[in-house]
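Novice: let me see the structure of the following:
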Amino acid sequence: PITVINRDAGSPLAEGLSEYLSEVYTVMEFPDDEEKLQDALFWRNVDYIAIIPEGFSETFRAGEEAIVDKVIAPGASSSRYIDMRIDKFLNAARLHRDYGTRADADTGADVDAQGADRTRASATLTWQSRLVAAVRADLTGTVEVTTTSIAASTGGVKSSQAYSYYFAYMSYALLAMAIS
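Specialist: I've put the predicted structure just below:
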């Protein structure tokens, strides 16, 4: 289980990251209180605390490195997988930010039908919402993988045994080639 503390409230990007993590992991709700969070780690109620800092979305939008702070339980091996998921989300968002459609992201304002400028905050929220939707669409794709047995071509030996023989004895062949 993990906890996500979102200090960048009201930001579609930060909320999108929180929702993405909640779809992949079991998220436990804890208040943004340092002592209670430390207790949760100590008692192993959670293994990982992701803290989205205030100003995260603006830092990201400016093209600077937006970092999600983390606190992990000692010895929690699952933290590497959670880090990879966070990186996966942010890398996809960076790709869309840098190479996607940015019609009103660069100017920060649009002109509506009456000719009045929308506020920069409204344009930023719209841009972030579109960005999160694009990232979520990219990350929901699945690929079907089918494995086939090659027992017939290996003389009745199961494919897993054939691979284990290959990797067990290949080092000797390579060593013999290196020596000669």
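Novice: now do the helices in the protein.
Specialist: 12-24, 34-42, 56-61, 79-99, 120-139, 159-179 (DSSP state H).
Novice: could you dump those into TSV and include mean pLDDT, distance to Val4 and mean neighbour count?
Specialist: Heads up, the C-betas are built off the backbone N, CA and C, glycines and all. Shown next, in TSV, are the helices of the chain (pLDDT from 0 to 100; distance: least, CB to CB, whole Å; neighbours: other CB atoms under 10 Å):
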stretch	mean pLDDT	distance to Val4	mean neighbour count
helix 12-24	94	5	19
helix 34-42	92	11	13
helix 56-61	94	12	19
helix 79-99	94	10	16
helix 120-139	83	15	17
helix 159-179	80	39	10
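Novice: for Val71, which of those is the nearest?
Specialist: Relative to Val71, the nearest member of these by CB to CB is helix 34-42, separated by 6.5 Å.
Novice: and the closest one, what does it pack onto?
Specialist: strand 2-6, strand 48-52, strand 69-72 (3 or more CB pairs under 8 Å, 6 or more residues apart in numbering; DSSP states H and E).
Novice: reformat those as JSON lines; add mean pLDDT.
Specialist: Output for the helices and strands packed on helix 34-42, formatted as JSON lines (pLDDT from 0 to 100):
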{"stretch": "strand 2-6", "mean pLDDT": "95"}
{"stretch": "strand 48-52", "mean pLDDT": "96"}
{"stretch": "strand 69-72", "mean pLDDT": "95"}
